[in-house]
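Novice: coordinates only, no sequence provided:
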């Protein structure tokens, strides 16, 4: 049987299934380190970098890798911007919950805008030293250029978020186990090749855990 490409949604989910234990530990570590609220941005950045390392095929010890990445201070503001946008979107959905038409329009707008953010923003923000707003602009542009890769990924993330949030008492365990780590891992697998091809200048190998900084293209 022909092997599914890693940067497709079926391939990403298959690889996630092989690393389910690591993703669960990473998700728990992220939620634990974000309990103080002020460390939420750093915790999300650490989770994203660990998922990027896992997506490249590196075998990691989840606890050790997360602790190492949590000590780093770069990319924290980029992740705070993402969390702020997520909080605003959640509040908007809650306010429009009773109006079906408003809710549908809001979901459509969030899906259109969030396509770039969900798939490309976090991998780009933690892997390349560029301002958060520039990463946001690039992410949205990539979502349009690579629409065939973006649409399935966005659909998966939206469905996963809906499942985790639909019945909070019953789906809380699902969110605790893999609410963040699974979608971020999928985005790391699917989004990074596009970022590497269209944003990064050289076709170098994906960086190892000791070297994350990659020079962006001149003029970006």
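Specialist: Thanks, I have it. All figures in this text were calculated on a predicted structure; none of them were measured in a lab. Residues are numbered from 1 along each chain as shown.
Novice: give me the low-pLDDT residue ranges for this structure?
Specialist: 1-7, 85-86, 88-117, 168, 200-220 (pLDDT under 70).
Novice: and the helices in it?
Specialist: Counting by DSSP state H, the chain has these helices, from start to end: 9-18, 20-33, 40-55, 62-70, 76-95, 100-116, 122-127, 132-145, 147-166, 168-178, 181-198.
Novice: which of the ones you listed sits most buried?
Specialist: Using mean count of other Cβ atoms under 10 Å, the stretch among these with the greatest mean number of neighbours is helix 122-127 (a mean of 28). Every C-beta, even on glycine, is put in place using the N, C-alpha and C of the backbone.
Novice: for it, enumerate the helices and strands it packs against.
Specialist: helix 40-55, helix 76-95, helix 132-145, helix 181-198 (3 or more Cβ pairs under 8 Å, 6 or more residues apart in numbering; DSSP states H and E).
Novice: which strands and helices sit next to the first one?
Specialist: Spelled out, it's helix 40-55. Other helices and strands packing on helix 40-55, by 3+ Cβ pairs under 8 Å, 6+ apart, are helix 20-33, helix 62-70, helix 76-95, helix 122-127, helix 181-198.
Novice: my read: residue 82 touches residue 44, true?
Specialist: Yes: the pair residue 82 / residue 44 is scored as a contact, 6.9 Å apart, by Cβ atoms under 8 Å.
Novice: who touches both of these two?
Specialist: By Cβ atoms under 8 Å, 6 or more residues apart in numbering, residue 82 and residue 44 have these common neighbours: residue 122.
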